[in-house]
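*Asks:* build me a structure from this.
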Amino acid sequence: MFDIAVIEDAAAAEASLDPTRARLLAALAEPASATMLAARVGLPRQKVNYHLRALEQHGLVELVEERRKGNVTERVMRATAASYVISPTALAAVRPDPSHAPDRLSARWLLALAARLVQDVGSLVTGADRADKRVATFAVDATVRFATAADRAAFANELAATITSLVARYHDESTPGGRDHRVVLALHPGADPAPTSSDTDTDTPTEGH
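*Replies:* From the prediction side, this is the model:
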């Protein structure tokens, strides 16, 4: 079982978003047969079997073992991952395009960049899993509390300048066999508590790329 799996197929995404099937996926963090699962979630076994077949068809659950009980073979299933992320690839016709109207002050452009990040890294993870390899990535997650909006603006400007300098120093267009790496920076208010008016002003760049 993976910690996180990326759903790139539209039909699989639809299956995972069904409330009943989402409950079954959560319950199958621990392997269970349809009978065990039915008792676990309080649904009829026939209904559980129906949904399990759909989830298995889309690769969201997998067979762990088969147990013979009299004339019946009991199939023990498990979710293929502890959690799932739906890639924008699953919504190809309406996925956001970050190249459209890029604006460092726009929260929606930040969402478009985040969606592309999920899509790109998701595709890399899927390919790496198939090849039994790891993806070379690096991430930093930090929280900073600013005393004033002016401090926030100064921080964003200094961060953008530092990253621009680093990119210029290490980028080598002429290296044979070199591979491009994407750098995405984001600065946004915490989602909790609810944003105040100072969180939604536009005096500070919210995204550097």
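*Asks:* drop to CA atoms for contacts and neighbour counts, all remaining ones
*Replies:* Noted.
*Asks:* in the longest helix anywhere in the chain, what counts as buried?
*Replies:* The single longest helix within the chain, with elements called by DSSP state H, is helix 107-131. Within helix 107-131, the residues scored as buried using 16 or more other Cα atoms under 10 Å are 107, 109-110, 112-119, 122-123, 125-126.
*Asks:* in terms of secondary structure, what does it contact?
*Replies:* If contacts are counted by 3 or more Cα pairs under 8 Å, 6 or more residues apart in numbering; DSSP states H and E, helix 107-131 sits against strand 2-7.
*Asks:* what's the following helix or strand after the strand it packs on?
*Replies:* helix 10-17 (DSSP states H and E).
*Asks:* give me the helices and strands touching the next helix-or-strand element following that following helix, please.
*Replies:* Proceeding N to C from helix 10-17, the next assigned helix or strand is helix 19-27, under DSSP H and E. Counting contacts by 3+ Cα pairs under 8 Å, 6+ apart, helix 19-27 is packed against helix 10-17, helix 34-41, helix 45-57.
*Asks:* centre of the chain versus helix 19-27, how much separation?
*Replies:* Counting by Cα atoms, centre = their mean, to the nearest Å, helix 19-27 is centred 18 Å from the centre of its parent chain.
*Asks:* which of the buried residues of helix 107-131 sits closest to His181?
*Replies:* Leu117 (11.8 Å; Cα to Cα).
*Asks:* what distance do you get for that closest one to Ala131?
*Replies:* Distance check for Leu117 against Ala131: by Cα to Cα, to the nearest Å, it reads 21 Å.
*Asks:* same check, this time on Arg145
*Replies:* For Arg145 relative to Ala131 (Cα to Cα), the value is 42 Å.
*Asks:* still on that earlier bit, just the buried residues of helix 107-131 now: which is nearest Leu63?
*Replies:* Thr126 (19.9 Å).
*Asks:* ok, how many other residues are close to Arg169?
*Replies:* 9 (other Cα atoms under 10 Å).
*Asks:* dump the residue contacts of the nearest residue to Phe2 once chain neighbours are set aside.
*Replies:* Leaving aside its sequence neighbours, Phe2 sits nearest to Ala81 (Cα to Cα, 6 or more residues apart in numbering; 4.4 Å). Contacts here follow Cα atoms under 8 Å, 6 or more residues apart in numbering; on that basis Ala81 touches 1-5, 29, 60.
*Asks:* ramachandran angles for Ala81?
*Replies:* The phi/psi pair for Ala81 (degrees, to the nearest 10) reads phi -150, psi 160.
*Asks:* which SS state does Glu66 fall under?
*Replies:* Under DSSP: H, G, I helix; E, B strand; the rest coil, Glu66 falls in the strand class.
*Asks:* bridged to it, which residues?
*Replies:* For Glu66, the beta-bridge partners are Arg75 (DSSP bridges).
*Asks:* thank you, goodbye.
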